[in-house]
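# 3D, please:
(chains A and B)
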Amino acid sequence: MSAHAINAPSARQKWVAGSLVILYALVTMIPLAWIMITGFKSPADAISYPPKVVFEPTLEGYVNLFTTRTRQTQEFLENNPPQNWADEIVRQYDMVIVGPSKFGERFLNSVIIGFGSTFLSVFLGTLAAYAFSRFKIPLADDLLFFILSTRMMPPIAVAIPIFLMYRNLGLSDTHLGMILLYTAVNISLAVWLLKGFIDEIPREYEEAALIDGYTRFQAFYKVVLPQAATGIASTAIFCLIFAWNEYAFAVLLTSATAQTAPPFIPTIIGIGGLDWPAIAAAATIFLLPVMIFTILLRKHLLRGITFGAVRK
Amino acid sequence: MAEVSLHNVSKKFGKTQAVVDVDLTVPDGAFVVLLGPTGAGKTTTLRLIAGLEKPDTGDIHIGGASVNGLTPAQRDVAMVFQQYSLYPHLTVRDNLAFPLRSPILKTPEDEIARKVQDVAEVLHIPHKLDNKATELSGGEMQRVSIGRALVRDPSIYLMDEPLSSLDAKLRADLRVELKRIHAELNATLLYVTHDQIEAMTMASHVGVLDEGRLVQFGSPREIYENPKTAYVAARLGQPRINLLPVGVLEAPAPAGATTMGLRPENIRQGDGHDATVTRVEHLGDQTRLHLKLGSHDVITLTDPHSSLNPGETVQIAAQNPIFFDTDGNRVA
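Presented below is the predicted three-dimensional model:
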């Protein structure tokens, strides 16, 4: 046990390591903090130079993001007092809220397509990886190489064939089409990552379960899956990040019904120039699902794989 | 419990012939121990019976019916793996309950609780029931894996060196415990080991495997006293049987015999040939004497309080030797 133990770090080493980690965290978090703060600035504060660190926070950006507004005459404004706090914010520009913006819808599309394709990639990837890991498959190596080869060129290189194909198949601008597309891109990553994880799970567990009275599928479900949780969680995060952030195909293939948030955000235009607070608010909200998803799965990422109960 | 039999079973892994033409019957209620060195096909034999491997040729019967083509679950066998194979994501309690909760057994939860508690007590692990399987010592893991088999009432228990990683005391305790379980439940056991004490103390029958072939099958005594080959003779006995060329010690050798097998306890001291003591091992209850007889090494036992020293000379003579021909087969 202790034969190979490394000396415990000294207080000084801990202090240096801790400072480096904090410094690095600060550097990487500055852009995030900048976006989040900008979301609460007024349009004037957002573009002021030098950037304002101290400012009067406002929800204007968020109101602009979620609503559509029109300019009204003084007479109309006087006869129709503001209905709520959001109304009051837009009144300062002599405007009234006429309805919700498309952002909610686009955000929901992102959720459906992002999580849908993540689920499908991980689901299919796990089954395929298990099969590659455990069964004798003819030409297994060639098949695995083929799966990997689908990622050897940038997906956007086949944008035009896909665009034409989708148009003919009626998949353009549909949720299903985008889910299938992102799944196709992610599946090779999922199969390869998960195969590595499942290879590490000793077969003895399944053999024990088979003898304990379970079928192969039940053994997979009850014994392999719980132990592959770490791999499944990290694969899911990678798949979600790709599908969530994908921009090029989303611009090309979606417009009215299935448009996701990334192509929508740059179209948020304010009065007299880009509405930076609204864009920053959109970016902030857009970041949240991936952050929450990662935090929820963090336990599985950090736990590591338990090899303890099979003697090597 | 049921009789298990193998008929001309062979299994190849690539170019390696793991099991060759094995004919073996484990009678109902028997405690059969398979002996053999690493690679002799012991574990493969267990896995063939369990259904984890498919035989290339031959038939396996459990309780009189052929099980070829049945899944491991359908064969109703319990197996203790050498590598424990505890489910690391489950507690000890859930590990023990796992086979009882299988779709085949579907035991009611109150019965599961009772059985798990009983088995835990037999194996001295009731205080560990709520630990994760990974939070146990090697010996505890091994006991849980034995327990996972014992909670069931299968047609046969298959055990692959289940005591190999326990300390001496626990091993002795569990030997007695397994023997008791065997007697009480009238269980059928097929047990793989290379520990001859386990074989001699627990087995009703011993099968000796050599490179995938079943060389001899019989009672432990029969195997010890009447080995069919020099290889079988060398598998049992501690210290090992001395194999000497015929003529080194005087004894009436039958025609065709080239090798004389002489158990350490079958060497008489005080008359016969001179041999030089090279080493004396005092083991407490016995003393082993390493001798040089001409150019041959011989090991024998002597009085625990022997005062012999290396370099001294003793006279030895053969008593009840057994003989083998050039191929190692028994001659007389």
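
# what's around the closest residue to chain B within the stretch 151-300 of chain A, how many residues?
When scored by Cβ to the nearest Cβ, the stretch 151-300 of chain A has A:Gly213 as its residue closest to chain B, at 3.0 Å. Just so you know, the C-beta spots here come from the backbone N, C-alpha and C atoms, and that holds for glycine as well. For A:Gly213, the count of nearby residues is 27 (other Cβ atoms under 10 Å in any protein chain shown).

# Doesn't it belong to a helix?
No - read with DSSP: H, G, I helix; E, B strand; the rest coil, A:Gly213 is coil and lies in no helix.

# Each with direction, which strands does the longest strand along chain B pair with?
As assigned by DSSP state E, the longest strand anywhere in chain B is strand B:267-282. Note on strand B:267-282: by DSSP bridges, its sheet partners are strand B:287-293 (antiparallel), strand B:313-318 (antiparallel).

# Pick the most buried one from those strands.
Each of the strands paired with strand B:267-282 was scored by mean neighbour count; the highest is strand B:287-293, a mean of 19, by mean count of other Cβ atoms under 10 Å in any protein chain shown.

# how about the CA coordinates for that one, as PDB?
Written as PDB, here are the backbone C-alpha positions of strand B:287-293 (Å, rounded to 0.1, in the frame of the first residue of the first chain):
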ATOM      1  CA  THR B 287      10.300 -32.500   9.900                       C
ATOM      2  CA  ARG B 288      11.200 -32.800   6.200                       C
ATOM      3  CA  LEU B 289      14.500 -34.300   5.300                       C
ATOM      4  CA  HIS B 290      16.000 -33.400   2.000                       C
ATOM      5  CA  LEU B 291      18.500 -36.000   0.900                       C
ATOM      6  CA  LYS B 292      21.000 -36.600  -1.800                       C
ATOM      7  CA  LEU B 293      20.900 -40.200  -3.000                       C
END
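
# Tell me the secondary structure of A:Leu32, please.
helix.

# State whether it and A:Leu287 are indeed in contact, as I suppose.
Yes - A:Leu32 is within contact range of A:Leu287, at 7.3 Å (criterion: Cβ atoms under 8 Å).

# Low-confidence stretches in the chain?
Picking chain A for this. A:1-6, A:270-272, A:302-312 (pLDDT under 70).

# oops, I was thinking of chain B
The low-confidence ranges in chain B, as defined by pLDDT under 70, are B:332.

# One more pass at 50, please.
Scanning chain B for pLDDT under 50 picks out no residues.

# Only C-alpha atoms, please: export the helix or strand hosting B:Gln142 in CSV.
Assigned by DSSP states H and E, B:Gln142 falls within helix B:138-150. Only the C-alpha atoms of helix B:138-150 are listed here, as CSV (Å, rounded to 0.1, in the frame of the first residue of the first chain):
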residue,chain,number,x,y,z
GLY,B,138,-10.3,-9.6,-0.3
GLY,B,139,-11.3,-12.2,2.1
GLU,B,140,-14.7,-10.6,2.7
MET,B,141,-15.3,-10.3,-1.0
GLN,B,142,-14.6,-13.9,-1.5
ARG,B,143,-17.0,-14.8,1.3
VAL,B,144,-19.7,-12.7,-0.2
SER,B,145,-19.2,-14.4,-3.6
ILE,B,146,-19.5,-17.8,-1.9
GLY,B,147,-22.6,-16.4,-0.1
ARG,B,148,-24.1,-15.3,-3.4
ALA,B,149,-24.0,-19.0,-4.5
LEU,B,150,-25.2,-20.4,-1.2
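
# For it, name the packing helices and strands.
Judged by 3 or more Cβ pairs under 8 Å, 6 or more residues apart in numbering or on different chains; DSSP states H and E, the packing partners of helix B:138-150 are strand B:77-80, helix B:92-97, helix B:109-122, strand B:156-160, helix B:168-185.

# B:Lys228 is nearest to which of the ones you listed?
strand B:156-160 (25.1 Å; Cβ to Cβ).

# follow-up on the earlier one: ok, residues contacting the helix holding B:Gln142?
A:208, A:212, A:309, A:311, B:78-81, B:84-86, B:92, B:95-96, B:98-99, B:119-120, B:122-125, B:128, B:133, B:136, B:157, B:159, B:162-167, B:170, B:174, B:178, B:181 (Cβ atoms under 8 Å, 6 or more residues apart in numbering or on different chains).

# Just the buried residues of it, please?
B:Gly139, B:Glu140, B:Met141, B:Gln142, B:Arg143, B:Val144, B:Ser145, B:Ile146, B:Gly147, B:Arg148, B:Ala149, B:Leu150 (16 or more other Cβ atoms under 10 Å in any protein chain shown).

# now stretch B:167-181
B:Leu170, B:Arg171, B:Leu174, B:Arg175, B:Glu177, B:Leu178, B:Ile181.

# Is that stretch positioned near chain A?
No - using Cβ under 8 Å from any Cβ of the partner chain, stretch B:167-181 never reaches chain A; the gap is at least 15.3 Å.

# who touches that stretch?
B:31, B:122-123, B:139, B:143, B:146, B:150, B:162-163, B:166, B:187, B:189, B:197-198, B:201-202.

# Check the offset of that stretch from the chain's centre.
Taking Cα atoms, centre = their mean, to the nearest Å, one finds stretch B:167-181 lying 14 Å from the centre of the chain it belongs to.
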